[in-house]
Structure formats: structure tokens, C-alpha cells
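Asks: Dropping a prediction and its sequence here:
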Amino acid sequence: MVAAADAAAIATYRAGHEAAVLLDSGDRPYLRVTGSARARFLHRITTADINALQSGQIAPTLLITGKGRLLDRLMVLCLEDSCLVLGSAGAGDLPAATLRRYVVFDDVQIDDLRQEVCLLALHGPEAGNVLAAAGGETVIGEVQLAGIPVTQFREPGPGGTGWLILADSAQKEGLIHSLQAAAGEGGLVSADPVGWEALRVETGLLRFGHELTEDWNPLEMRQEDALSFDKGCYVGQEVMARLRTYDRVKRRLWRISFAGGVAPPVGTKVHAAPGEGVITSSARVPGEDRSVVLAVLPGDDPAPGGEVIAMTPEGERLGEIVGAPPTATDMRVAPPANLGKRRFDN
């Protein structure tokens with residue numbers, strides 16, 4: 001007999017691979033940046049080429065320190081009169097506080113909209129079909145969904161690229177009901193935290209406080225899709241340029257699978273030729289006798305299928321490298337430039 005909690009986790013995990021998962025993402029920072037200098041300001045402070053975006057276009061970008069360390073990954077949607085900025089779950093006030101610190105004489109206003117909106121994430125291979133069946137459009141920007149005005153983003157997720165749906169907070173229950181009705185029985189599962197964490201780690205999605213920390217730089221976390229090496233100065237630009245020019249990235253993030261339903265804990269040391277790495281995220285796979293982790297490994301990109309050894313308190317555990325995390329290159333205005341170094345080819 002499967003316990004109710006395990007059943008919910010299993011249902012979420014399977015829906016992420018076979019159907020669609022609905023996640024309440026209300027804990028993600030959501031900002032509206034207005035003023036005549038809004039795009040230039042975001043272009044100058046964050047890592048992507050925001051000036052290249054036209055109204056209705058979206059791009060991933062990063063907040064990093066002057067020393068090139070990661071703070072948060074953002075999604076920026078440019079509209080006619082504003083730029084909408086979406087941060088990572090758990091980042092709290094960090095994106096707003098960081099951006100406001102750089103506003104001096106710029107004609108820029110930054111408003112935190114978290115209390116005014118709801119944010120739902122729709123992931124899985126059937127996410128687009130569920131959106132269409134609910135009367136929505138699979139497009140980025142300001143649209144109607146089930147007769148409700150919403151703003152839609154896209155980002156990588158389980159089953160491919162998923163949809164982020166923002167609306168007035170009063171419309172939350174109506175949106176959820178419309179999506180569930182459109183999906184039909186079993187076609188849309190409300191995300192269970194344990195099941196969703198397994199999907200996140202298995203897919204290779206970065207998490208604030210795990211992969212998105214000042215312990216790492218963007219290239220170690222494979223964030224090339226959110227970096228521009230062609231635009232002018234931004235916070236941390238000189239460090240990023242040196243890392244790229246002199247090929248100084250000596251470790252990279254990988255997805256790894258282990259046999260057994262007990263996942264090696266975060267912080268566990270991992271041995272992979274030619275040295276030692278560390279696990280940054282860890283989850284058991286619901287309903288299966290295996291676990292998945294994200295780990296930073298040393299060396300010149302170990303090949304998928306290669307073996308690693310996790311040094312757990314219970315002893316050594318053998319794992320297999322699955323591959324690199326996904327990128328959001330399909331959402332950029334233009335494909336990323338050829339970086340010219342084998343280390344950066346994904």
C-alpha cells in the first residue's frame with residue numbers, strides 16, 4: 001500500500017514525464033521596471049543583451065557580483081511601457097534590493113508586484129496542449145487565458161520548455177480551475193514538493209541557495225545562455241571576460257544518477273577523474289529505486305556515461321553521469337555566439 005504522500009510524489013513525477021504538472025510559484029520575485037532608461041539600466045547591470053530585446057521578447061539574464069559570483073538568474077520580458085523581471089524561487093528581496101542599489105540618476109522605477117499577482121508554472125510534455133485547451137495561446141507576452149488577462153513567460157523545465165502564467169492574484173483559483181477542466185481527469189497534476197524536487201534535479205534546473213549562490217560563477221553553472229560576451233560593460237563583466245579568454249573554468253555542473261532510493265546528501269564529496277567535486281542538489285525518484293543529484297565536477301568535461309564515486313557517511317556509492325543541464329537558448333532573440341572553446345560546448 002503506497003502512502004498518500006508517496007502517491008502524490010509519484011503522481012507528480014510521472015505527470016512531469018507523461019502529462020502536465022501545475023506548480024504554484026508565488027514565492028518567486030516579480031518586478032516591474034519602468035522609466036525611460038529601464039532597458040539600458042537592466043542591460044548595464046545584468047549579463048544579457050537586454051538592449052537587443054523588442055517588445056514582447058524575453059531573455060534569461062543574471063545578477064552577479066563584481067567578482068563574477070552568482071546572485072540570481074532572472075527572466076526579463078520587455079513590453080511597450082515596462083520590463084517585467086522574474087527571479088528564482090526563494091530569492092526573496094535579493095533581486096529588487098540588488099537592482100535598486102544601482103539606481104542613482106537613472107530614470108528607473110522598480111516595483112515589487114509579488115503581493116498583487118499570482119504565478120503558476122505549467123510543465124510537462126502536455127503543458128502546451130493544456131494551455132491551448134483552456135483557451136490560451138502558446139505565445140510569450142500579454143494574452144488572454146480562459147477570458148482572463150495574463151502575462152506568459154517560457155523557461156526550461158521537465159518535458160521541455162514550460163509556461164509561466166502571471167495574473168491578478170484574485171484570478172488564481174479561476175485560472176487553476178480552467179486549466180484543470182481543460183486537461184481532464186489525470187491530465188494535470190498539482191505539484192507535490194517531493195515529486196517536483198525530483199523533477200527539478202533530474203532535469204537540471206538551478207535552485208536558489210543550491211546552484212544559485214556566490215560559491216559559483218555563471219560558467220561553472222553552465223549559464224552561457226544568459227551571458228553576452230559582445231555587449232559593453234556590466235557588473236562582473238571583466239571577470240567573465242577573463243574566465244572565457246583564458247579558459248579558466250575548471251569545474252562544471254552535471255546531472256548524475258545513483259542506484260538506491262536514498263539520495264546522497266547535499267555537500268557530499270564526489271570523486272571523478274581528475275579530482276574531487278561536490279553535490280549541490282539531491283533527490284530520490286518517487287516510486288523508483290534510484291536517486292538523482294546535481295554535482296559540480298572537475299576536469300575537462302567528463303563524458304556522459306562516466307562513473308563517479310560519492311563519499312557518503314555509509315560508504316562509497318557509484319553513480320553515473322547523465323548529462324549537462326538544459327539551457328534556454330530557444331528563448332533568446334538570437335542563438336548564442338560560438339564561444340570557441342570545447343569546454344563551453346554543450
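Replies: That came through fine.

Asks: I'd like the next helix or strand past the longest helix along the chain.
Replies: The residue-count maximum for a helix in the chain (DSSP state H) belongs to helix 4-18. Downstream of helix 4-18, the next assigned helix or strand under DSSP states H and E is strand 21-24.

Asks: ok, that next one: who's next to it in the sheet?
Replies: strand 117-123 (antiparallel), strand 189-190 (parallel) (DSSP bridges).

Asks: any idea where the strands of the stretch 51-200 of the chain begin and end?
Replies: 58-64, 70-78, 83-86, 109-112, 117-123, 141-145, 148-157, 160-168, 189-190 (DSSP state E, counting those that start in this stretch).

Asks: ok now do Thr245, which residues does it touch?
Replies: Counting by Cβ atoms under 8 Å, 6 or more residues apart in numbering, Thr245 touches no other residue. Yep, even glycine has a C-beta here, placed from its N, CA and C like the rest.

Asks: same deal with Ala132?
Replies: With Cβ under 8 Å, 6+ apart, Ala132 has these contacts: Thr138.

Asks: Tell me, what's the model's pLDDT at it?
Replies: At Ala132, the model reports a pLDDT of 93.

Asks: try the one 5 residues further on
Replies: Predicted confidence (pLDDT) at Glu137: the value is 88.

Asks: Might one say that it is in contact with Ala146?
Replies: No: using Cβ atoms under 8 Å, Glu137 makes no contact with Ala146, being 11.5 Å away.

Asks: quick revisit: for the longest helix of the chain, list every residue counted as buried.
Replies: Ala8, Ala9, Ile10, Ala11, Thr12, Tyr13, Arg14, Ala15, Gly16 (16 or more other Cβ atoms under 10 Å).

Asks: dump the residue contacts of the residue nearest to Val270 when sequence neighbours are not counted.
Replies: Once flanking residues are discounted, Val270 sits nearest to Gly277: 4.5 Å by Cβ to Cβ, 6 or more residues apart in numbering. Contact partners of Gly277, counting by Cβ under 8 Å, 6+ apart, are Arg251, Lys269, Val270, His271, Ala295, Val296, Leu297, Pro298, Val308.

Asks: what does Ala9 give?
Replies: Counted by Cβ under 8 Å, 6+ apart, Ala9 has contacts Asp192, Val194, Gly195, Ala198, Pro286, Gly287.

Asks: burial of the third one, as a residue count?
Replies: Taking other Cβ atoms under 10 Å as the criterion, the count of residues near Gly195 is 27.

Asks: okay but it is in contact with Ala11, surely?
Replies: Yes: counting by Cβ under 8 Å, Gly195 touches Ala11, with 6.9 Å between them.

Asks: Turn the buried residues of helix 4-18 into CSV, including distance to Arg244 and pLDDT.
Replies: What follows is these, written out as CSV (distance: Cβ to Cβ, whole Å; pLDDT from 0 to 100):
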residue, distance to Arg244, pLDDT
Ala8, 44, 95
Ala9, 40, 97
Ile10, 43, 97
Ala11, 43, 96
Thr12, 38, 97
Tyr13, 37, 96
Arg14, 40, 96
Ala15, 39, 95
Gly16, 34, 95
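
Asks: Residue ranges in the chain under the pLDDT threshold?
Replies: 1-5, 300-301, 328-346 (pLDDT under 70).

Asks: go with 80
Replies: 1-5, 247-248, 273-274, 299-303, 327-346 (pLDDT under 80).

Asks: Can you list the residue ranges for helices in it?
Replies: 4-18, 38-45, 94-101, 127-133, 172-183, 193-203, 237-245.

Asks: Show residues contacting stretch 27-43.
Replies: 49-51, 53, 61, 76, 78, 81-96, 99, 102-103, 106-114, 117, 119, 166, 231, 234.

Asks: in it, what counts as buried?
Replies: Applying 16+ other Cβ under 10 Å to stretch 27-43 flags 28-33, 35, 37-39, 41-43 as buried.

Asks: Stretch 117-134 now?
Replies: 117-124, 126-131, 133-134.

Asks: Let me know the closest of those residues to Glu314.
Replies: His123 (33.2 Å; Cβ to Cβ).

Asks: Tell me what that closest one is bridged to.
Replies: The partner residues for His123, given DSSP bridges, come to Val21.

Asks: next one: Tyr30
Replies: Leu86.

Asks: try Ala272
Replies: Beta-bridge partners, per DSSP bridges, of Ala272: Gly275.

Asks: For stretch 157-177, what is the spacing between the initial and final residues?
Replies: 22 Å (Cα to Cα, to the nearest Å).

Asks: do stretch 275-292 as well
Replies: With Cα to Cα, one end of stretch 275-292 sits 21 Å from the other.

Asks: Go through that stretch and flag the buried ones.
Replies: Quick answer for stretch 275-292 (16+ other Cβ under 10 Å): 277-287, 291-292.

Asks: what's the distance between that stretch and the middle of its chain?
Replies: Relative to its chain's centre, stretch 275-292 lies at 18 Å (Cα atoms, centre = their mean, to the nearest Å).

Asks: if we can go back for a sec, out of Glu137 and Ala146, which sits in the busier spot?
Replies: Each of Glu137 and Ala146 has its neighbours counted (other Cβ under 10 Å); Ala146 has more, 17 against 13.
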